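> With the input below, show me the fold.
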Amino acid sequence: MDKVRIGIIGLGSMGIGHANTMKSIEEVELTAVSDVDSRIVEQLAAEFQVQGFTDYRDLIDSDLVDAVIVATPHYFHPPISIYAMNKGLHVLTEKPVAVTVGEADQMNKAAKESGVKYVVMYQKRSVPLYRAAKRLIEEGRLGELHRTCFIEPNYRTQAYYNSASWRATWKGEGGGVLINQAPHGIDIFTWLGGLPSRVSAKTRTRLHDIEVEDEASAMLEYPNGAIGYYHTSVNECPTESYMELCGDKGKIVITNGQLRFYVLEAPIKKFTKESDEMWGAPKVHEEEVPVEDTESGHGVIIRNFARAILYDEPLLSPGVEGIVSLEFINALILSGAKNKPVEIPVNRSEYEEFIEEKKKTSKERKIAGPTRRITDPRLAT
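Residues are numbered from 1 along each chain as shown. Below you'll find the predicted structure:
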């Protein structure tokens, strides 16, 4: 095999975007597409000259594909992915891997038992700046974590939410900004800083006509006693994010597309206990961090997925790690809804019961005209 035959399941904005991205990736070939909308299937099957299906099981069972990209609304990621894995197909799923951590557990179990390659589309892991920060942390340059901070606005208009009936509903998405716009940033935040063990969150719907949260803030507690703060919203502009990771040996600051690394000449703990200077402080200098000029974005993850299948290349964004950001998301949603601190790992049965109750009162959005399938050009990286 010199190319991986891939089928795309879900032909909304992301599915169409991935189909176009695949045109420039020599390791893959698009061979089939699937969506519940027969009109879209007919249109895109003709456009890409591939076989089209309205039932994802027919695509998976067709022998036309070696792997699938799952780009459906969130709730469908687990059943489609698990069905494909059980049939021996490799899976790349859009984020989040699932709505609940319990479903993510089942996906990880199926991936382990089937032995297939399993990837989540967290393309920001391919961004050179974040990879450089990850290297610093893995090399121990930051030292023991003391504090984190991540502020990430993700602006959206009401027109965005009015583009599809499933958007911003409990039964369609399983949450608001936290589970739709914020997962990419949360993945990087937890990839670099680790997963907190306890969160105390406030969530609210401040500006938009939707039934789920459009704003969330949380205080974070880590297993080693470190503390942190997190905030996201779809109500702010500009949308530049700000991240701080403060350790015993230094501090990483990432903002406005720049990485700054501050090095302490003596670790905080050591200097605090051993210095005899009343007004002393560790000397600090900023160190330039080399950042490779390499490609990033969806195409990098898809190519890596294919090369993992073909040549066993290490995965940049393993699907089994998708549960980490989902733990964070579920914990904040539950904490905000119940106005209480929530421990991580999240109690699986408690969260399943919470989601089921929310779905009972959830209403499908009324939209004018057909679903709008327009890929956000900002999501390339």
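
> what sits up against stretch 127-145?
The contact list for stretch 127-145, computed with CB atoms under 8 Å, 6 or more residues apart in numbering, reads 124-125, 188, 191-194, 222, 224, 226, 245-252, 254, 257-259, 261, 263, 267, 289-294, 296, 381. To be clear about C-beta, it is placed using only N, CA and C from the backbone, and glycine gets the same treatment.

> now those: which count as buried?
124-125, 188, 191-194, 222, 226, 245-252, 254, 259, 261, 263, 267, 289, 291, 296 (16 or more other CB atoms under 10 Å).

> Take those and keep only those in helices.
The members of these that map onto helices under DSSP state H are 188, 191-193.

> wait, which of those residues is closest to Y160?
I188 (22.6 Å; CB to CB).

> Next one: the closest one relative to V33, how far apart?
Using CB to CB, to the nearest Å, I188 is found at 30 Å from V33.

> what secondary structure does M243 sit in?
Three-state call for M243 (DSSP: H, G, I helix; E, B strand; the rest coil): strand.

> whoops, A368 was the one
Following three-state DSSP, we place A368 in the coil state.

> do the same with K202
strand.

> close enough to count as contact, it and M219?
No: look at K202 against M219 with CB atoms under 8 Å: they stay out of range, at 9.2 Å.

> what's the overlap in contacts for the two?
By CB under 8 Å, 6+ apart, no residue touches both K202 and M219.

> could you dump stretch 269-280 to CSV, C-alpha only?
These are the backbone C-alpha positions of stretch 269-280, laid out as CSV (Å, rounded to 0.1, in the frame of the first residue of the first chain):
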residue,chain,number,x,y,z
LYS,A,269,12.4,27.0,46.2
LYS,A,270,16.2,26.9,46.6
PHE,A,271,16.7,30.7,46.6
THR,A,272,13.7,31.3,48.9
LYS,A,273,15.2,29.0,51.6
GLU,A,274,18.9,29.6,51.2
SER,A,275,19.2,33.3,50.4
ASP,A,276,20.4,35.6,53.3
GLU,A,277,19.3,38.7,51.3
MET,A,278,16.4,40.5,52.9
TRP,A,279,15.3,42.1,49.6
GLY,A,280,16.8,39.6,47.3
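
> Reformat the ones in helices among the buried ones among the contacts of stretch 127-145 as TSV; add pLDDT.
Shown next, in TSV, are these (pLDDT from 0 to 100):
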residue	pLDDT
I188	98
W191	98
L192	98
G193	98
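
> any idea which of these is closest to H285?
Of those, the one sitting nearest to H285 (CB to CB) turns out to be L192, at 21.6 Å.

> Distance-wise, check that closest one relative to A132.
11 Å.

> residues contacting K87?
Here K87 is in contact with 60-61 (CB under 8 Å, 6+ apart).

> Tell me how far it lies from D58.
Counting by CB to CB - K87 and D58 are separated by 12 Å.

> shared neighbours of those two, which are they?
By CB under 8 Å, 6+ apart, no residue touches both K87 and D58.

> can you count the residues close to the spatially closest residue to T72 that is not a sequence neighbour?
Closest residue in space to T72, ignoring its immediate chain neighbours: G10 at 3.5 Å, by CB to CB, 6 or more residues apart in numbering. For G10, the neighbour count with other CB atoms under 10 Å is 25.

> Tell me what C246 is bridged to.
Listed by DSSP bridges, the beta-bridge partners for C246 are R147, K251.

> Begin at 31, not 1, for the rest of this chat.
Let's use 31 as the start, then, which means that last one is C276.

> Give me the below-cutoff pLDDT ranges for the stretch 31-180 of the chain.
Judged against pLDDT under 70, the stretch 31-180 of the chain has no low-scoring part.

> Could you list the domains of this protein?
34-154+328-347, 155-321+355-391 (automatic domain parsing).

> Distance across the first one, terminal residue to terminal residue?
Using CA to CA, to the nearest Å, the span of domain 34-154+328-347 from its first residue to its last is 18 Å.

> Please apply the same query to the longest one.
Across domain 155-321+355-391, the straight-line distance between its terminal residues is 37 Å, by CA to CA.

> repeat for stretch 61-75
Per CA to CA, stretch 61-75 runs 9 Å from first to last residue.

> Around S144, count how many other residues there are.
That count, for S144 with other CB under 10 Å as the rule, works out to 18.

> Okay, it and Q136: tell me how far apart.
Taken as CB to CB, the span from S144 to Q136 is 12 Å.

> cool, E243 as well?
On the measure of CB to CB, E243 and Q136 end up 26 Å apart.

> thinking again about what came up before, turn the ones in helices among the buried ones among the contacts of stretch 157-175 into TSV, including distance to T130.
Formatted as TSV, these follow (distance: CB to CB, whole Å):
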residue	distance to T130
I218	22
W221	21
L222	25
G223	23
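
> from those residues, which is closest to F78?
I218 (31.7 Å).

> so who does that closest one touch?
Contacts of I218 (CB under 8 Å, 6+ apart): 152, 154-155, 160, 273.

> Mind jotting down where the helices sit in the chain?
Using DSSP H, helices in the chain cover 43-51, 68-78, 86-90, 107-116, 131-144, 158-168, 188-191, 213-223, 298-304, 328-341, 352-368, 378-391.

> and the fourth one, what does it pack onto?
Under the contact criterion of 3 or more CB pairs under 8 Å, 6 or more residues apart in numbering; DSSP states H and E, helix 107-116 touches helix 86-90, strand 97-100, strand 120-123, helix 131-144.

> can you redo these as TSV with distance to T401?
Formatted as TSV, the helices and strands packed on helix 107-116 follow (distance: least, CB to CB, whole Å):
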stretch	distance to T401
helix 86-90	18
strand 97-100	18
strand 120-123	20
helix 131-144	24
